[in-house]
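J.: after the sequence you'll find the predicted model.
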Amino acid sequence: MPDEKKWLWDEPQSWHELDRALRDIAILLDFLGEMPEARLLSYFEDTRGRVADAATRATAPPCASYRAFLDRLSEISAAFQTGRVPPSPPPGPDGTPAIGAAGFVYWSRDFLAAVAAPATADSIRLTHDYMVRRTRTRGWRRWLTQSRPRPRPPDYGPIPPHDPEEATRKMLARKLARWVHGFEWLTVGVVILTVVVSIYALSGRLILAREKDAMEAFAKIDAAVQSQEDKIFPSAQLPMKDATTLPVQALCDFVQKRPVPPTTATVLAGPPNLASNLVVPVNEADPASPPQETFYVSALQAHLCAQHAQVLQSLFVVTMHLQSWSSVVTQRLGQGWDVGPRSYTMHVAFPLAPLFGVVPATLQDYSHEKAGDLCKLAAPSIYKEGAGAEECERVLWTLINRSRNVAESVLGSITQYILPVCYGFLGAMAAAFRLLRRKVDAYLLSYTDRARLQQGAILGVLCGGVLGLFASYIGKADAAGGLGVAAIALLAGYNVDGVFQFLDELSDRLFRPASAAKPRA
């Protein structure tokens with residue numbers, strides 16, 4: 001009959017609402033059916049005794065029997081697809097009329113949504129589309145697979161009706177999958193950068209510590225040498241009769257060298273009151289020159305001079321190491337690299353030296369003043385008079401690179417700002433990826449997860465950068481005193497809410513309004 005084929009066809013809004021409700025019911029039934037726990041069966045009287053009722057039931061089903069529930073939904077779905085009016089169920093045992101088809105569908109949707117909570121039909125659809133997008137190949141592999149002819153899928157039945165929200169949902173799932181994929185590669189890159197910068201900072205910290213130990217050792221041995229010099233060489237009496245002769249001489253220079261025949265043993269025994277060193281040739285360029293041995297005044301002088309030379313050599317090595325370490329930022333990154341073929345070469349440089357107070361233009365201005373005469377005052381020992389402005393600029397660069405202040409400024413900037421920002425970002429990404437993984441496993445993805453991922457990365461970087469301002473405040477805490485700013489930044493990025501709670505408490509302490517103060521007794 002014609003009337004049997006027009007159920008809700010003259011009511012487009014009701015037809016679409018009922019169609020959406022039936023789709024939600026199908027999604028929720030599939031989701032609950034795939035769960036290992038029989039959560040849905042514990043709500044019906046005919047199946048409640050067959051399963052362990054561990055969950056508290058917070059909703060009521062539209063009918064008492066699970067079998068009747070499925071049969072009624074199947075009848076309504078079949079009638080809706082064909083356009084026929086579904087048959088009316090018989091009244092209840094007490095004579096109450098049964099609920100209508102539309103009411104039964106809406107009640108079933110609300111009931112299944114309460115059972116499947118916190119998952120919803122929209123989150124289940126979005127999570128399924130997201131997983132499909134994540135498993136697809138990307139880039140050239142996807143182009144190769146799409147270029148091949150694909151067999152036509154078999155015809156399993158009629159084409160289902162079009163879902164008006166399917167295109168939007170798939171677009172959002174595709175964008176979310178792309179953003180997650182991009183942030184994964186970005187996190188890998190930041191991890192590599194963080195490891196490289198951490199190694200560089202650790203090496204700088206070790207070099208500075210070694211340079212401090214070398215300076216202390218040199219000061220100690222130099223004090224011992226100076227005390228011996230004061231004992232051996234008396235101070236000059238003023239006024240001096242002969243100003244051309246000074247009675248003071250360096251202790252390690254007050255030695256006696258004697259030539260040794262080539263047939264003499266390498267180590268010679270000197271007089272009983274003198275000590276001798278290993279024989280070394282006077283002129284290494286002339287192998288025919290006879291070697292010499294060095295005699296000292298006392299055994300203490302021999303030991304002190306040997307230790308003094310060794311400590312001085314160690315200090316020179318660690319100073320050169322410190323200069324090489326700081327020049328990576330102040331000079332080598334500024335010089336850059338030539339990238340590309342010989343026909344077309346592009347120069348790539350990272351001028352980071354001005355960030356640490358080393359400006360090449362300033363050094364050039366100083367080096368050109370009075371044609372390099374400034375270097376005669378600043379470094380007379382390493383600057384040759386009349387060498388010119390270019391040599392003076394090189395000398396000034398050498399003094400800057402050897403300065404401990406430059407190394408400390410570079411290391412402080414890395415440890416208080418660069419590394420905290422990187423670790424804050426990594427902590428935020430770790431928290432975001434873990435949350436995303438839990439939501440995917442529980443089918444709880446939402447349309448705002450992409451924005452949450454972006455905001456998590458931004459807030460992680462922000463927290464890492466802000467922690468550099470509170471480095472001294474955090475360092476006074478007993479619990480965080482030994483962790484360091486970078487470790488605190490990692491925890492701050494992982495728990496952004498805790499950082500903002502800390503900032504709220506600090507802001508309340510500093511800027512508490514006068515009305516909130518306690519009244520005086």
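T.: Looks like it arrived, so ask away.
J.: and the strands in the stretch 151-300 of the chain, which stretches?
T.: Assigned by DSSP state E, counting those that start in this stretch, the stretch 151-300 of the chain shows strands spanning 256-259, 275-276, 280-281, 291-296.
J.: identify all contacting residues around the strand or helix carrying residue 29.
T.: Per DSSP states H and E, residue 29 falls inside helix 12-34. With Cβ atoms under 8 Å, 6 or more residues apart in numbering as the test, helix 12-34 has contacts from 8-9, 39-40, 73, 76-77, 80, 102, 105-106, 108-109, 112-113, 115-116, 119, 121, 124-125, 161, 163, 443. In this view, the C-beta of every residue, glycine as well, is placed from N, C-alpha and C.
J.: can you select the buried ones from the residues you listed in ChimeraX?
T.: Only the buried entries of those go into this ChimeraX selection, using 16 or more other Cβ atoms under 10 Å:
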select :8,40,73,76,80,102,105,106,108,109,112,113,115,116,119,121,124,125,443
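J.: let's see which of the contacts of helix 12-34 end up in strands.
T.: Judged by DSSP state E, the contacts of helix 12-34 include no members of strands.
J.: contacts for stretch 67-87, please.
T.: Under the criterion Cβ under 8 Å, 6+ apart, residues 4-9, 18-19, 22, 25, 44, 46, 61-63, 89, 101, 104-105, 108 lie in contact with stretch 67-87.
J.: likewise stretch 211-223?
T.: 304, 307-308, 311-312, 314-315, 318-319, 322, 404.
J.: hmm, try it at 10 Å
T.: Contacts with stretch 211-223, where a contact means Cβ atoms under 10 Å, 6 or more residues apart in numbering, come from 304-305, 307-319, 321-322, 404, 407.
J.: just to revisit the earlier point, pLDDT of the helix holding residue 29, averaged?
T.: Averaging pLDDT along helix 12-34 gives 88.
J.: now stretch 254-269
T.: Average pLDDT, stretch 254-269: 57.
J.: over to stretch 196-214?
T.: For stretch 196-214, mean pLDDT is 91.
J.: buried stuff in that stretch?
T.: Under the neighbour-count criterion of 16+ other Cβ under 10 Å, stretch 196-214 has 197-198, 200-201, 204, 207-208, 210-211, 214 buried.
J.: how about stretch 129-137?
T.: For stretch 129-137, the neighbour count (16+ other Cβ under 10 Å) marks 129-130, 133-134 as buried.
J.: from the middle of its chain, how far away would it be?
T.: Distance, stretch centre to chain centre, for stretch 129-137: 27 Å (Cα atoms, centre = their mean, to the nearest Å).
J.: and for stretch 424-444?
T.: Computed by Cα atoms, centre = their mean, the chain-centroid distance of stretch 424-444 equals 16 Å.
J.: same question, stretch 391-398
T.: Using Cα atoms, centre = their mean, the offset of stretch 391-398 from its chain centre is 37 Å.
J.: hey, C-alpha coordinates of it in PDB?
T.: The C-alpha trace of stretch 391-398 is given here as PDB (Å, rounded to 0.1, in the frame of the first residue of the first chain):
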ATOM      1  CA  GLU A 391      96.800  40.600  12.800                       C
ATOM      2  CA  CYS A 392      95.400  42.800  15.600                       C
ATOM      3  CA  GLU A 393      91.900  41.600  14.900                       C
ATOM      4  CA  ARG A 394      93.100  38.000  15.100                       C
ATOM      5  CA  VAL A 395      94.800  38.700  18.400                       C
ATOM      6  CA  LEU A 396      91.600  40.300  19.800                       C
ATOM      7  CA  TRP A 397      89.600  37.200  18.700                       C
ATOM      8  CA  THR A 398      92.200  35.000  20.500                       C
END
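J.: what average pLDDT does it get?
T.: On average, stretch 391-398 scores 75.
J.: one more: stretch 329-346?
T.: Stretch 329-346 shows an average pLDDT of 62 in the prediction.
J.: same thing with stretch 124-143?
T.: In the prediction, stretch 124-143 has an average pLDDT of 76.
J.: per-domain residue ranges of the chain.
T.: Following automatic domain parsing, one finds the domains of the chain at 2-117, 415-508.
J.: among those, show me which one is buried the most.
T.: With neighbours taken as mean count of other Cβ atoms under 10 Å, the domains of the chain reach their highest mean count in domain 415-508, at a mean of 18.
J.: span of that domain from start to end?
T.: End-to-end span of domain 415-508 (Cα to Cα, to the nearest Å): 29 Å.
J.: can you pull the contacts of the closest residue to residue 187 other than its chain neighbours?
T.: Take residue 187 and drop its neighbours on the chain: the residue closest to it by Cβ to Cβ, 6 or more residues apart in numbering is residue 429, 4.6 Å away. For residue 429, the contact set (Cβ under 10 Å, 6+ apart) comprises 183-184, 186-188, 190-191, 453, 456-457, 460, 493-494.
J.: out of these, which sit inside helices?
T.: Of the contacts of residue 429, the ones assigned to helices by DSSP state H are 183-184, 186-188, 190-191, 453, 456-457, 460, 493-494.
J.: need the residues you listed in JSON lines (columns: distance to residue 419).
T.: Shown next, in JSON lines, are these (distance: Cβ to Cβ, whole Å):
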{"residue": "183", "distance to residue 419": "20"}
{"residue": "184", "distance to residue 419": "22"}
{"residue": "186", "distance to residue 419": "17"}
{"residue": "187", "distance to residue 419": "16"}
{"residue": "188", "distance to residue 419": "18"}
{"residue": "190", "distance to residue 419": "11"}
{"residue": "191", "distance to residue 419": "13"}
{"residue": "453", "distance to residue 419": "23"}
{"residue": "456", "distance to residue 419": "19"}
{"residue": "457", "distance to residue 419": "17"}
{"residue": "460", "distance to residue 419": "13"}
{"residue": "493", "distance to residue 419": "12"}
{"residue": "494", "distance to residue 419": "15"}
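J.: looking at the buried residues of stretch 196-214, which are in helices?
T.: Using DSSP H, those in helices are 197-198, 200-201, 204, 207-208, 210-211, 214.
J.: in a markdown table: these, plus distance to residue 67.
T.: Below are these laid out as a markdown table (distance: Cβ to Cβ, whole Å):
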| residue | distance to residue 67 |
| --- | --- |
| 197 | 65 |
| 198 | 64 |
| 200 | 70 |
| 201 | 69 |
| 204 | 74 |
| 207 | 78 |
| 208 | 78 |
| 210 | 81 |
| 211 | 83 |
| 214 | 87 |
